[in-house]
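J.: The amino acid sequence is not available; the structure is as follows:
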């Protein structure tokens, strides 16, 4: 299945939030190689959190490479690949937030880039799945800690 989250999405634990949920609505991505969703409603206890608006966006966009790269031919003399191209996938979540009272919202961003060496998707897809499982599991397990760190500056 391709990137197609079902709505609502259950948010990960954060200090001060209780059972956070996010209602997704399909939106127009800024590029043809992307798929975007706007967060049109928030649920649970998330005091002060706004859903997507024009001036305070709350969106998530997943991008695939514009042109997927494949492995080049191996060197016929050495049997070695000269170089292995990489396909980069990216998930960006944007959230408008006020930097101070009576100010214009600024855009906060979290970006995850997934670099996949060409060929690994067919030769060892299980390694890619393990990498993603561990990475996303770590983000989920440490969501509140990361949230505390980005608001306090303490690692």
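T.: Thanks, I have it. This structure is a prediction, so every number in the text was calculated from the model and none was measured.

J.: Quick check: the gap between residue 130 and residue 120.
T.: Plainly put, residue 130 is 12 Å away from residue 120 if you go by Cβ to Cβ, to the nearest Å. For every residue, glycine as well, the C-beta is placed using N, CA and C.

J.: which of these two has more neighbours?
T.: Neighbour comparison, residue 130 and residue 120: the larger count goes to residue 120, with 16 against 11 (by other Cβ atoms under 10 Å).

J.: so where is the protein shaky, pLDDT-wise?
T.: Flagging of the chain using pLDDT under 70 yields the residue ranges 1.

J.: how about the residue nearest the centre of the chain, secondary structure?
T.: The centroid of the chain falls nearest to residue 91 when counting by Cα atoms, centre = their mean (3.0 Å). Counting by DSSP: H, G, I helix; E, B strand; the rest coil, the backbone at residue 91 sits in strand.

J.: same question, the one 3 residues further on
T.: The three-state label given to residue 94 by three-state DSSP is strand.

J.: quick revisit: beta partners for the residue nearest to the centre of the chain?
T.: residue 62, residue 112 (DSSP bridges).

J.: where's it relative to residue 116, distance?
T.: Residue 91 is 14 Å from residue 116, by Cβ to Cβ.

J.: tell me the residue furthest from the middle of this structure?
T.: residue 77 (41.8 Å).

J.: That one falls within a strand, correct?
T.: No. Read with three-state DSSP, residue 77 is coil and lies in no strand.

J.: so the residue nearest to residue 15 when sequence neighbours are not counted is in which element?
T.: Spatial nearest neighbour of residue 15, excluding adjacent residues (Cβ to Cβ, 6 or more residues apart in numbering): residue 144 at 5.4 Å. In this structure, residue 144 sits in helix 143-152 according to DSSP states H and E.

J.: Give me the distance between the closest residue to residue 37 other than its chain neighbours and residue 95.
T.: Once flanking residues are discounted, residue 37 sits nearest to residue 24: 4.1 Å by Cβ to Cβ, 6+ apart. Taking Cβ to Cβ as the measure, residue 24 falls 14 Å from residue 95.

J.: cool, and residue 82?
T.: 42 Å.

J.: for residue 142, same thing?
T.: 19 Å.

J.: can you map out the helices along this protein?
T.: 120-123, 125-141, 143-152 (DSSP state H).

J.: now these as a markdown table including distance to residue 57?
T.: Output for these, formatted as a markdown table (distance: least, Cβ to Cβ, whole Å):
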| stretch | distance to residue 57 |
| --- | --- |
| helix 120-123 | 32 |
| helix 125-141 | 21 |
| helix 143-152 | 19 |
